[in-house]
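Novice: need coordinates for the below:
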Amino acid sequence: MTEVRISTGVIRGKEEDGVLSFLGVPYAQAPLGPLRFRAPQPRSPWEGVLDATSFASAAVQTPMNPDAPSQVMGSEDCLHLNVWTPSLDGKRPIVFWVHGGAFVMGDGNTDGASLAAQGAVVVAVNYRIGPFGYLYLDDIAPGIVDTNLALRDLSLALDWVRENAAIFGGDPDSIGLLGRSSGAMTVGAMLAMPACAGKFAGAWLMSGAARQVRDRETATRSARVFLRAAGLASEDAAQIVNLSTEEIVNAARVLANNAQLDTEFDAEVVLPVFGDDVLPLHPMAAIRAGAVRDVALCVSWTLKDMGLWRKFDPVNGGKNKELFARRLIGNVRWKELEVLYEKGGDDWYVDLLTDFHFAMPAIRLAEAQIEAGGRSYVGRFDRTPVTPPWPDFGPVHTVDMFYLFTPLATPSGTAGVPVGDGMLDEDVPTTLKVRDLLLGVAQGEPSTTDVKWPHYQLSDRSTLLFGEAIEVVHDPAGERRASWAGLLERP
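Specialist: Now for the predicted structure:
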């Protein structure tokens, strides 16, 4: 056991295989009682020693699928983070991990030990999600709840990290934001937050960019749907703070149903909202204006991102993304894209949805950073790990996370299958290179001795492909990319 004194008191962590972990550390007061649906408040100091050897509760999970089980999972008392470090000495780069999960699920209770062993301080944050993190009522009942609570939570957690970094052997001037899927989209919003400005050196957004936000009018319409589902009229919105956790989760099912059908909104259950004091501008507009001009901004996606949805639902997987795309760009333009993509073979629908939802938003984000005079880096994960079960899935959504957190240990197993959670030897070289690049992102320069990640430029569109070899390719799938001219270019 190891004890350290942080800004609010003494915590006791543990050491395993040369990595220290401090789990379930509170960075804010519990958002309960009068703090429910309110901006997070810094944690008060405590007496004695706080045990930090096990995870605290994840945030309340609300359904992405309206048919999901109805029991409440997680807790509203969720504002905790986890820290892994190879040593309390030194000034190491810090990886600030923002978990994904469609803005309604997921947690930061992962295993950051293997990544930390490569020389980073890893911080994974739990924050409010679903209606607890994104319900927008300011234009219905001002002052009843605070806006963008998820973003406020993450901002406070980032301040906590900077304040306590040195205690864990971290360098507060070398912080890299890292997110995947909705975690990356959340990082995309953090890029534009005035409260986060100047507090990180780099960011890597994996399978997510900076377009997934709502304006206040859309967020208000969604909130009215939620209130009706909760049995409340708009004039009774103040009663939201008195609903039970279960009542709020059940009301969120109606939003989940809308997200599946894309009847009114944007194929998502909830989203960050721009136009308030937390996020004054659409992130793309803020980035284009130079919000992160001095930050190393990396974006990537996987070759068959949307293939994960089709794997689990071959008929309707991802269909709501198509419905949203048709509303966004029009049926005529969508049909033109279909004709082009059909030339690519049987997997054309996955490719089209992947480009709409992941690849093109990432490229547009890189272009916005270039327009601002900043540095952007673009990558794509093409490689399928040989460690099971990945050969059955291919390079689909979440494959990039395999390279981030999977333990490197490769004990002998039957027929080449590792024992426990380790990866097979063939996957280790790529993993080490991805992690080295990530450490570079945190230090503001995502290149290593082995891998040079060039700046993305409109003249050659240099893209780092993570295949069997990691190599630079100029404008991969350029014809498909060019077919999106005039689309998704502005908020």
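
Novice: quick one, helices of the stretch 351-491 of the chain?
Specialist: Under the criterion DSSP state H, counting those that start in this stretch, the stretch 351-491 of the chain contains helices at 360-371, 399-405, 428-442, 478-482.

Novice: so for Leu271, which of those helices sits nearest?
Specialist: Closest to Leu271 of the helices of the stretch 351-491 of the chain is helix 360-371 (CB to CB; 13.4 Å). (C-beta placed from N, C-alpha, C; glycine too.)

Novice: mind listing residues that contact that closest one?
Specialist: 188, 205, 208-212, 284, 287-288, 292-293, 297, 299-301, 375-378, 456-458, 481, 484, 487-489 (CB atoms under 8 Å, 6 or more residues apart in numbering).

Novice: can you turn the buried part of those into a PyMOL selection?
Specialist: Command for PyMOL, covering only those of the contacts of helix 360-371 found buried under the criterion 16 or more other CB atoms under 10 Å:
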select buried, resi 188+205+208+209+210+211+212+284+287+288+292+297+299+300+301+375+376+377+378+456+481+484+487+488
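
Novice: mind listing which of the contacts of helix 360-371 are in strands?
Specialist: Secondary structure assignment (DSSP state E) places Leu205, Leu297, Val299, Ser300, Trp301, Arg375, Ser376, Tyr377, Val378 from those within strands.

Novice: got these as JSON lines, with distance to Asp277 columns?
Specialist: Output for the ones in strands among the contacts of helix 360-371, formatted as JSON lines (distance: CB to CB, whole Å):
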{"residue": "Leu205", "distance to Asp277": "24"}
{"residue": "Leu297", "distance to Asp277": "24"}
{"residue": "Val299", "distance to Asp277": "27"}
{"residue": "Ser300", "distance to Asp277": "31"}
{"residue": "Trp301", "distance to Asp277": "31"}
{"residue": "Arg375", "distance to Asp277": "29"}
{"residue": "Ser376", "distance to Asp277": "27"}
{"residue": "Tyr377", "distance to Asp277": "31"}
{"residue": "Val378", "distance to Asp277": "32"}
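
Novice: now for these: which two are most distant?
Specialist: Largest separation among the ones in strands among the contacts of helix 360-371 by CB to CB: Trp301 and Arg375, giving 18.9 Å.

Novice: for Asp17, see how far away Gln457 is.
Specialist: According to CB to CB, to the nearest Å, Gln457 stands 42 Å off from Asp17.

Novice: can you check Val213 too?
Specialist: From Val213 over to Asp17 the distance is 40 Å, taken as CB to CB.

Novice: comparing those two, which residue is more hemmed in?
Specialist: Val213 (26 against 9; other CB atoms under 10 Å).

Novice: quick one: contacts for that one?
Specialist: By CB under 8 Å, 6+ apart, the contact list for Val213 reads Ala189, Leu271, Pro272, Val273, Phe274, Leu279, His282, Pro283.

Novice: show me how to select, in PyMOL, the buried members of those.
Specialist: Those of the contacts of Val213 that meet the burial criterion (16+ other CB under 10 Å) are gathered into one PyMOL selection, given here:
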select buried, resi 189+271+272+273+274+279+282+283
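
Novice: and the contacts of Val213, which is closest to Ala325?
Specialist: For the contacts of Val213, the nearest to Ala325 is Leu271 (16.2 Å; CB to CB).

Novice: the most centrally placed residue in the chain and Leu177, how far apart?
Specialist: Against the mean C-alpha coordinate of the chain, by CA atoms, centre = their mean, the closest residue is Gly183 at 1.0 Å. Separation of Gly183 from Leu177 (CB to CB): 10 Å.

Novice: now do the same contact list for Met306.
Specialist: With contacts taken as CB under 8 Å, 6+ apart, Met306 has the following neighbours: Gly317, Gly318, Lys321, Val350, Leu353, Thr354, His357, Phe358, Val396, His397.

Novice: of those residues, which is the nearest to Gly101?
Specialist: The nearest one, if we look at these relative to Gly101 and count by CB to CB, is His397, at 11.8 Å.

Novice: next, count neighbours for the residue nearest to that closest one when sequence neighbours are not counted.
Specialist: With CB to CB, 6 or more residues apart in numbering as the measure, Leu308 is the residue that lies nearest to His397, at 3.9 Å, once sequence neighbours are left out. Residues contacting Leu308 under the criterion other CB under 10 Å number 21.

Novice: quick one, phi psi at Leu308?
Specialist: Main-chain dihedrals, Leu308, degrees, to the nearest 10: phi -70, psi -40.

Novice: quickly note the distance from Leu487 to Leu178.
Specialist: Looking at Leu487 against Leu178, where the rule is CB to CB, the gap reads 28 Å.

Novice: now Glu268
Specialist: Plainly put, Glu268 is 21 Å away from Leu178 if you go by CB to CB.

Novice: domain ranges for the protein?
Specialist: Taking automatic domain parsing as the reference, the chain has its domains at 2-288, 296-482.

Novice: mean confidence score for the strand ranked longest in the chain?
Specialist: Under DSSP E, the strand in the chain containing the largest number of residues is strand 170-180. Here the mean pLDDT over strand 170-180 is 98, rounded to a whole number.

Novice: list the strands paired with it, with their directions.
Specialist: Strand partners for strand 170-180, identified by DSSP bridges, are recorded as strand 92-98 (parallel), strand 202-206 (parallel).

Novice: low-confidence ranges in the chain?
Specialist: 69-70, 409-421 (pLDDT under 70).

Novice: pull out the buried positions in stretch 41-59.
Specialist: Within stretch 41-59, the residues scored as buried using 16+ other CB under 10 Å are Arg43, Leu50, Ala52, Phe55, Ala56, Ser57, Ala58, Ala59.

Novice: quick revisit: so which of the contacts of Met306 are in strands?
Specialist: Among the contacts of Met306, no member falls in strands (criterion: DSSP E).

Novice: which of the residues you listed count as buried?
Specialist: Applying a neighbour-count criterion of 16+ other CB under 10 Å, the buried members of the contacts of Met306 are Gly317, Gly318, Lys321, Val350, Leu353, Thr354, His357, Phe358, Val396, His397.

Novice: what about stretch 122-135, start to end distance?
Specialist: Start and end residues of stretch 122-135 are separated by 29 Å (CA to CA, to the nearest Å).

Novice: give the buried residues for it.
Specialist: Counting neighbours by 16+ other CB under 10 Å, one finds that the buried residues in stretch 122-135 are 122-135.

Novice: which one of the residues you listed is nearest to Arg162?
Specialist: The nearest one, if we look at these relative to Arg162 and count by CB to CB, is Val123, at 10.6 Å.

Novice: who are the packing partners of whichever strand or helix holds the closest one?
Specialist: With elements delineated by DSSP states H and E, Val123 resides in strand 121-125, which encompasses its position. Contacting strand 121-125 under the criterion 3 or more CB pairs under 8 Å, 6 or more residues apart in numbering; DSSP states H and E are the following elements: strand 80-85, strand 92-98, helix 149-164.

Novice: if we go to 10 Å?
Specialist: Counting by 3 or more CB pairs under 10 Å, 6 or more residues apart in numbering; DSSP states H and E, the packing neighbours recorded for strand 121-125 are strand 19-26, strand 80-85, strand 92-98, helix 113-116, helix 149-164, strand 170-180, helix 399-405.

Novice: how about these in a markdown table, adding mean neighbour count?
Specialist: Shown next, in a markdown table, are the helices and strands packed on strand 121-125 (neighbours: other CB atoms under 10 Å):
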| stretch | mean neighbour count |
| --- | --- |
| strand 19-26 | 21 |
| strand 80-85 | 27 |
| strand 92-98 | 26 |
| helix 113-116 | 24 |
| helix 149-164 | 22 |
| strand 170-180 | 24 |
| helix 399-405 | 22 |
